[in-house]
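In: 3D, please:
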Amino acid sequence: MLAYPACFILVLLCQHPGPATSGAPKELVGNLGGSVTFPLKLPGIQIDTIVWTFNTTPLVTIEPKMPDRQANVIVTHSHNKERVKFLQGNYSLKLSKLSKNDSGDYRMVIYSSSLKDSFSQEYRLRVYEHLSKPKVTMGLQNNENGTCLTNLTCFMDQGGEDVTYSWESLGQAANESHNGSILPISWRLGERDTIFICVVRNPISSNSSNPIFAWKLCEGAAADSESFMILASLGVLLLIIAFALMPFLLIMQREKRKENYSRGKSRKNTLFLSANTSKDGGAPLYAHIPRHTNVIYL
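Out: Numbers count the residues shown, from 1 in each chain. Next comes the predicted model:
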């Protein structure tokens, strides 16, 4: 029984190598582990057989109910039997428990004795997984005069297909957005804090990174600025102290000069004499000592 349908499918495909199509492939998306339905609109004619193929490999053969026979559905691969269902009345294919390997091209071919040529509809399915929370890294930081310059890079741990990246900047005068995985930022100490959020999207889901605060990101710039302010304040304080002490230093220097002058004058009027000192070895010189001269006997 199983050999007959397989041979029948091959005969049909060989007899109709170029079925007429209904136009461009219909794009369908599905999520990993979910399901997708391939919509089918049957023409108002007697249908003998419907053949579904996946990447040119026969997937399912349907023989609709007719007055002389019961409906018959033949699934080519046994592992697909639990995954394949058809909507009652129009035989639209529903495929469940989707995996990444289900992405590809599908074709539905209708064979009818009422048609000169077979009729087909093509589909293109892409299976995506729900995106996890993206991560953000910071590039080299350049701090100049309290301004923080750097790049933020948004990425996914597991990559993903057809992922788009964008940034939202909150807290500015007007909230801004930026497309791309890399965001250049410039933030100056004292400006209003800005929050950066990376948003990733694919055809079935979206997710956002944790918020990133500019002041936290640019702590280095703040530290440099604070260090500069501290050093500048210390410099100003030292100058103030120096100017305040200048008069006292000048007064102390002047007093020291007076003291040195007085000591020098006193030393000039002092005469050092020996007890046996005399003029030409004769009488002592007391009569020749000036009146206000200090005499020190040796």
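
In: residue ranges of the helices in the stretch 101-250 of the chain, please?
Out: Secondary structure of the stretch 101-250 of the chain (DSSP state H, counting those that start in this stretch): helices at 214-217, 219-268.

In: got a list of what residue 133 touches?
Out: By Cβ atoms under 8 Å, 6 or more residues apart in numbering, residue 133 lies in contact with 207-210. Any C-beta I mention is one placed from the backbone N, CA and C, and that applies to glycine too.

In: so which of those is the most crowded?
Out: Most neighbours among the contacts of residue 133, by other Cβ atoms under 10 Å: residue 209, with 19 neighbours.

In: so, low pLDDT: which residues of this protein?
Out: 1-23, 159, 172-175, 220-238, 242-243, 260-298 (pLDDT under 70).

In: what's the domain layout of it?
Out: Here the domain parsing of the chain from automatic domain parsing is 3-128, 135-217, 223-279.

In: from residue 248, how far off is the residue nearest to residue 110 when sequence neighbours are not counted?
Out: For residue 110, ignoring the flanking residues on the chain, the nearest one in space by Cβ to Cβ, 6 or more residues apart in numbering is residue 119 at 4.5 Å. Going from residue 119 to residue 248 by Cβ to Cβ, to the nearest Å gives 109 Å.

In: the more surrounded of those two?
Out: Legend: neighbour count by other Cβ under 10 Å for residue 119 and residue 248, higher for residue 119 (20 against 9).

In: surely that one is in contact with residue 43?
Out: Yes - counting by Cβ atoms under 8 Å, residue 43 is a contact partner of residue 119 at 6.6 Å.

In: between these two, what contacts are shared?
Out: Common neighbours of residue 119 and residue 43 (criterion: Cβ under 8 Å, 6+ apart): 110, 112.

In: how about the contacts made by the nearest residue to residue 103 once chain neighbours are set aside?
Out: In space, and not counting its chain neighbours, residue 103 is closest to residue 127: 4.7 Å by Cβ to Cβ, 6+ apart. Contact analysis of residue 127 by Cβ under 8 Å, 6+ apart lists 29-32, 98-100, 102-103.

In: and the furthest pair within these?
Out: Pairwise distances among the contacts of residue 127 were taken by Cβ to Cβ; the largest, 14.2 Å, belongs to 29 and 99.

In: between these two, tell me which one has more neighbours.
Out: Ranked by neighbour count (other Cβ under 10 Å), residue 29 and residue 99 place residue 29 first, with 16 against 11.

In: for that one, helix, strand, or coil?
Out: strand (DSSP: H, G, I helix; E, B strand; the rest coil).

In: isn't it up against residue 128?
Out: Yes - in terms of Cβ under 8 Å, residue 29 counts as a neighbour of residue 128; the distance is 6.3 Å.

In: how far off centre is stretch 128-140?
Out: Centroid separation for stretch 128-140 versus its chain: 7 Å, with Cα atoms, centre = their mean, to the nearest Å.

In: span of it from start to end?
Out: 34 Å (Cα to Cα, to the nearest Å).

In: in it, which residues are buried?
Out: 128-129, 131, 134, 136 (16 or more other Cβ atoms under 10 Å).
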